[in-house]
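Novice: Show me how the following folds:
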Amino acid sequence: WRLVTLPQHFFFFTKNSMRVLLEQHGLEMVHFEHPWKYVPLSLMTYQLRRAHILLPSPKFFNHIGFFVNLFDLMRVVARKR
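Specialist: Numbers count the residues shown, from 1 in each chain. Here you go, the predicted model:
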């Protein structure tokens, strides 16, 4: 994943590993989801160009985008037991 850089990002969490972490701290998970996000086409083309896949310049795609779910985000709601 392009944003996994040490030392800022050190772990990947799954739903189960997040539940275990919360329980170890006296919390219970009440909601878990992978939210969708809006990704501009300019960001997509920028990332592909960084990977040396030639595409038109991102400036042509500033106002176009898509809602995607890459399962790289999670929203967790927890409460004290």
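
Novice: pLDDT weak spots in the protein?
Specialist: For the chain, applying pLDDT under 70 flags the ranges 1-6, 8, 53-62.

Novice: Show me where the protein has its strands.
Specialist: 27-33, 37-40, 65-68, 75-80 (DSSP state E).

Novice: who does the longest one touch, helix- and strand-wise?
Specialist: With contacts defined as 3 or more C-beta pairs under 8 Å, 6 or more residues apart in numbering; DSSP states H and E, the secondary structure elements packing on strand 27-33 are helix 15-24, strand 75-80. Using the backbone N, CA and C atoms, a C-beta is placed for each residue, glycine as well.

Novice: Please identify the buried residues of the longest one?
Specialist: Along helix 15-24, these residues count as buried under the neighbour rule (16 or more other C-beta atoms under 10 Å): 19, 22.

Novice: and if you look at the last one?
Specialist: Residues 76, 78 are the ones in strand 75-80 that count as buried (16+ other C-beta under 10 Å).

Novice: just the angle between it and helix 15-24, please?
Specialist: For strand 75-80 against helix 15-24, the angle by axes from the mean of the first three to the mean of the last three C-alpha atoms, to 10 degrees is 20 degrees.

Novice: Now do the contacts for residue 31.
Specialist: By C-beta atoms under 8 Å, 6 or more residues apart in numbering, the contact list for residue 31 reads 75, 76, 77.

Novice: Dump the strands of the chain into a markdown table; add distance to residue 10 as well.
Specialist: Shown next, in a markdown table, are these (distance: least, C-beta to C-beta, whole Å):
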| stretch | distance to residue 10 |
| --- | --- |
| strand 27-33 | 21 |
| strand 37-40 | 22 |
| strand 65-68 | 25 |
| strand 75-80 | 18 |
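
Novice: out of the ones you listed, which comes closest to residue 50?
Specialist: Residue 50 lies closest to strand 37-40 among the strands of the chain, at 14.8 Å (C-beta to C-beta).
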